[in-house]
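S.K.: Just the structure for this:
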Amino acid sequence: MKGETAIHISGSDEHGVAIMIGADKAGKDYQTYVNEWHQAHKKLFKDFEIEFDFFGQTSAPYHEAETVEWFKLLYENGFITKKSEPQLYCIDDGKFLPDRFVEGVCYNCNFAHARGDECPNCGEWIDPIRLKNPVSKISGSRNIEVREAEQYYLALTKLGSELKDWFTGHAGWRPVVKGFVEALLKDGLIDRAITRDLEWGIDVPLAEAKGKKLYVWFDAPIGYVSNTKEYLRLTGGKEDYLKDWWQNPSTKLTHFIGKDNIIFHALIFPGMILGSKRTRLPDQIPANQFLNLMGKQFSKSAGWTVDAERAIADFGVDAIRLYLCSLIPERADSSFTWDGFLSVYEEVANKVGNFVHRYLSFTDKYFPEGISGEELAIVSQSADAVELSRRIHVVTAALDQCEFTKAFDEFLLLAQHANETFHLKAPWKSIKTDIPETERTLAWAVLAHAAISAVMEPFVPGLGRKLKAPFGSLVSMEAWREIYSGRLEFAAQGLSKGFKRQSELHVLLPKIEPVRLAPWKEELKVDA
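M.R.: Numbers count the residues shown, from 1 in each chain. Below you'll find the predicted structure:
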């Protein structure tokens, strides 16, 4: 919307023990299993109108090639070492139990189902040797002992001072990121194994490492780089993925992640970058905390979940996105409730839908030929237009700072301001005595409508398009960009011949009756 060149890259993270366990349970080979989930995730993103320039797969050959380059650079630079350390071994399975192949009681918080890589309750990065009462996730066996195993390690101990210098040089990062990383740097980093004795993954590119695979911690973040390269190849781009993007000092790199991935994106991957010099370091890591359901973590196995596809089918993507935009857990965990969903939807329907429908209906009735371009030009220079512009800047400035909940709240205040101002100007009264003043009020309403439409689109693209529909082709894409930047005079210029509604007048956000929420509440056996 700002006219800047940007690419949005992501993909399916397809290696690791969790994938192997899931595929084995499903009775499918690993590639078939990840391919099916990849397509399912792509469809769900599309249904939610979440767009990526490229959404790739870490099981693809192009990704393996890029990952091997990273390994070689780190190995040649002395940041990958081989050593033997104790690991859990299941005698009944005849296998070592790395990461999610083992579960036990967390030694930090006593959570009963801590995994061998991480505790989902307290976030501790688990040393599996220290788990209490470990059990094999393969067979359920507790016949487990500690044996020596040789693996390759990322030498984070050699990168601690560089990582600290880089991290402390960044101001304004979210407290959850800052606090988490500072604590780990203070305690001192340790070397972390990046290989496993597994059947699924990218082969370690060393002759003496036959049978070992690079683990998911290492190869997954490289997917952003490999997917950029593949995106440019498939689109026929002439740019170089490293020189023009990942190594370009004028590029701004932002990692959008959840808090359970802070350690990988704020320490592990930056360490890999410092050791390999393959790319530049990230500028911002706006990690979100967790979205819960009625105050508890989502759990498919416990049935504590909301079916995303069915929710869209029942209520539409606009309604679901509106609520989720109000719930982004930037500072603390947030919680989805069905009463909260209805409350936010009704608030937006009243502040946005009601305003647009009211002024358009009034315009149709009393100014069937439309609002003149002259009045729009005059109003675009008024104090009222300056206030609209100021409010647009507040929303977009918050978005630029990755303060999304603040941006959404400010958007609602903009819509509320439009409603209140329209009510104060009371065109249904002035139409009886002062038609020119009434037309000027409606010209202001047109500009307010344009302002709301422009800043709505990043939050709910579908609703943004519906809001823009009455303008039709009267306002160009270039003009919309200027409006998004707060320059409402460009709306007036686009409407120099006047404004007359260019589409049918529909209810933007149809009423959702509370009774429609009853089946969803019943599934969770709750009141809200």
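S.K.: Strands of this structure, start to end?
M.R.: Along the chain, counting by DSSP state E, strands occupy 9-12, 54-57, 80-90, 95-96, 102-105, 114-115, 132-136, 144-154, 192-193, 195-196, 202-203, 213-214, 291-293, 334-336.
S.K.: could I get those strands as JSON lines with mean pLDDT, distance to Phe71 and mean neighbour count?
M.R.: Glycine gets a C-beta too; all of them are placed from N, C-alpha and C. Listed next are those as JSON lines, based on pLDDT from 0 to 100; distance: least, CB to CB, whole Å; neighbours: other CB atoms under 10 Å:
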{"stretch": "strand 9-12", "mean pLDDT": "96", "distance to Phe71": "19", "mean neighbour count": "20"}
{"stretch": "strand 54-57", "mean pLDDT": "98", "distance to Phe71": "19", "mean neighbour count": "21"}
{"stretch": "strand 80-90", "mean pLDDT": "91", "distance to Phe71": "7", "mean neighbour count": "17"}
{"stretch": "strand 95-96", "mean pLDDT": "85", "distance to Phe71": "21", "mean neighbour count": "17"}
{"stretch": "strand 102-105", "mean pLDDT": "94", "distance to Phe71": "26", "mean neighbour count": "21"}
{"stretch": "strand 114-115", "mean pLDDT": "90", "distance to Phe71": "25", "mean neighbour count": "24"}
{"stretch": "strand 132-136", "mean pLDDT": "95", "distance to Phe71": "29", "mean neighbour count": "17"}
{"stretch": "strand 144-154", "mean pLDDT": "93", "distance to Phe71": "9", "mean neighbour count": "17"}
{"stretch": "strand 192-193", "mean pLDDT": "88", "distance to Phe71": "14", "mean neighbour count": "19"}
{"stretch": "strand 195-196", "mean pLDDT": "90", "distance to Phe71": "10", "mean neighbour count": "27"}
{"stretch": "strand 202-203", "mean pLDDT": "97", "distance to Phe71": "9", "mean neighbour count": "18"}
{"stretch": "strand 213-214", "mean pLDDT": "95", "distance to Phe71": "7", "mean neighbour count": "24"}
{"stretch": "strand 291-293", "mean pLDDT": "95", "distance to Phe71": "35", "mean neighbour count": "17"}
{"stretch": "strand 334-336", "mean pLDDT": "96", "distance to Phe71": "38", "mean neighbour count": "16"}
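S.K.: Tell me who's in contact with the spatially most central residue of the chain.
M.R.: With distances taken as CA atoms, centre = their mean, Phe256 lies nearest the centre of the chain, 5.4 Å away. Counting by CB atoms under 8 Å, 6 or more residues apart in numbering, Phe256 makes contact with Pro286, Asn288.
S.K.: tell me which helix or strand of the protein sits lowest on mean pLDDT?
M.R.: Within the chain, no helix or strand scores below strand 95-96, which has a mean of 85 by mean pLDDT, DSSP states H and E.
S.K.: so what does it touch, helix or strand wise?
M.R.: strand 80-90 (3 or more CB pairs under 8 Å, 6 or more residues apart in numbering; DSSP states H and E).
S.K.: just the angle between the strand it packs on and strand 132-136, please?
M.R.: Relative orientation of strand 80-90 versus strand 132-136 (axes from the mean of the first three to the mean of the last three CA atoms, to 10 degrees): 90 degrees.
S.K.: So in that sheet, which strands flank strand 80-90, and in what orientation?
M.R.: Looking at strand 80-90 with DSSP bridges, its partner strands are strand 95-96 (antiparallel), strand 144-154 (antiparallel).
S.K.: Contacts for that strand, please.
M.R.: 71, 74, 95-98, 102, 116, 128-129, 131, 134, 136, 138-139, 141, 143-155, 191, 193-194.
S.K.: Now do the helices in the stretch 401-528 of the chain.
M.R.: Along the stretch 401-528 of the chain, counting by DSSP state H, counting those that start in this stretch, helices occupy 404-425, 427-430, 435-456, 461-468, 477-484, 489-494, 518-524.
S.K.: now swap in the stretch 201-350 of the chain and tell me
M.R.: 216-219, 222-234, 262-263, 269-276, 308-315, 317-326, 338-348.
S.K.: which residues touch the closest residue to Lys351 other than its chain neighbours?
M.R.: Nearest residue to Lys351 in three dimensions, chain neighbours excluded: Ala415, at 3.9 Å (CB to CB, 6 or more residues apart in numbering). Neighbouring residues of Ala415 by CB under 8 Å, 6+ apart: Val348, Lys351, Val352, Phe355, Ile452.
S.K.: so who does the second one touch?
M.R.: Applying CB under 8 Å, 6+ apart to Lys351 gives the contacts Leu412, Ala415, Gln416, Ala418, Asn419.
S.K.: Quickly note the distance from it to Ala418.
M.R.: According to CB to CB, to the nearest Å, Lys351 stands 8 Å off from Ala418.
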